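[1] what's the 3D shape of this:
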Amino acid sequence: MQSVDLKSLSPLQRIILISDGTLTELLEHLIDEPLQVVKLHESIEATDDEIAYLDLPKNQQVITREICLQGKKSGQNWLYAKSKIVLDRLPPLFREDLLASQIPIGKLWAKHRVETYKEIEPPFFETAEKLAIHFNIAPEKELLGRTYRVFSSQQPMMMLTEKFPASFFKELR
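    Here you go, the predicted structure:
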């Protein structure tokens, strides 16, 4: 993972990487297609160690989740996301929807009216490697990404990392 010079990116890529809003609706408008969640992995486990970035002691339940945001019509994966989510810090109905549905997290926040604050780290780039298969690109191609913590009620509730191919969103369609 290397830091990215924002000046080297298209205006659209910069907006996606530094936005503190949810990306789902923004991406849906950009690609003119509704998005759905495709779950690649989801597990609930007790932590072996404390997780400092979530202010979480050990032996707490966390959801580890990997998804792609995929176009409902095209089947194209537009974004990969990996998250760690503190189970006990989610409202019960939000938690149920998160585990049982294909609704993106951003839409769940709106649906359940969860007030959030995002603390965004500097954007980065890296080679696609194992994630290349999800975007139908070569493993040596670059992905752009961002990582952020989500707070609610002044407590960190999740950490997300989102990535997409550097070839995406270079211009408006």
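
[2] what about residue 156, which SS state?
    strand (DSSP: H, G, I helix; E, B strand; the rest coil).

[3] confidence score at it?
    You'll see residue 156 listed with a pLDDT of 95.

[4] For the residue in the chain sticking out farthest from the centre, give its distance to residue 50.
    Using C-alpha atoms, centre = their mean, the residue of the chain lying farthest from its centre is residue 59. It sits 24.5 Å away. Distance, residue 59 to residue 50, using C-beta to C-beta, to the nearest Å: 9 Å. Quick note: C-beta positions are derived from backbone N, CA and C, even for glycine.

[5] likewise residue 89?
    From residue 89 to residue 50 the distance is 15 Å (C-beta to C-beta).

[6] Which one of these two is surrounded by more residues?
    residue 89 (20 against 12; other C-beta atoms under 10 Å).

[7] The residue lying closest to the more buried one once chain neighbours are set aside: neighbouring residues, count only.
    Excluding its sequence neighbours, the residue lying closest to residue 89 (C-beta to C-beta, 6 or more residues apart in numbering) is residue 157, at 4.1 Å. By the criterion of other C-beta under 10 Å, residue 157 has 22 neighbours.

[8] Isn't residue 157 up against residue 150?
    Yes. Residue 157 lies in contact with residue 150 (C-beta atoms under 8 Å); the separation is 5.6 Å.

[9] Return every residue with contacts to both of these two.
    Common contacts of residue 157 and residue 150 (C-beta atoms under 8 Å, 6 or more residues apart in numbering): residue 116.

[10] Would you mind checking which helix or strand in the protein has the lowest mean pLDDT?
    Sorting the helices and strands of the chain by mean pLDDT, DSSP states H and E puts helix 105-111 at the bottom, at a mean of 83.

[11] Can you tell me the strand partners of the helix or strand just after that one and which way each runs?
    Remark: after helix 105-111, the chain's next helix or strand is strand 117-120, criterion DSSP states H and E. Sheet pairing for strand 117-120, assigned by DSSP bridges, gives strand 142-152 (antiparallel).

[12] and the partner strand, C-alpha only, in CSV?
    Below are the C-alpha coordinates for strand 142-152, written out as CSV (Å, rounded to 0.1, in the frame of the first residue of the first chain):
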residue,chain,number,x,y,z
GLU,A,142,-3.4,-0.9,-9.8
LEU,A,143,-6.3,-0.4,-7.4
LEU,A,144,-7.1,2.9,-5.7
GLY,A,145,-8.4,2.7,-2.1
ARG,A,146,-9.4,4.4,1.1
THR,A,147,-9.8,3.3,4.7
TYR,A,148,-11.9,4.9,7.3
ARG,A,149,-13.3,4.4,10.8
VAL,A,150,-17.0,5.0,11.4
PHE,A,151,-18.1,6.4,14.7
SER,A,152,-21.6,6.4,16.2
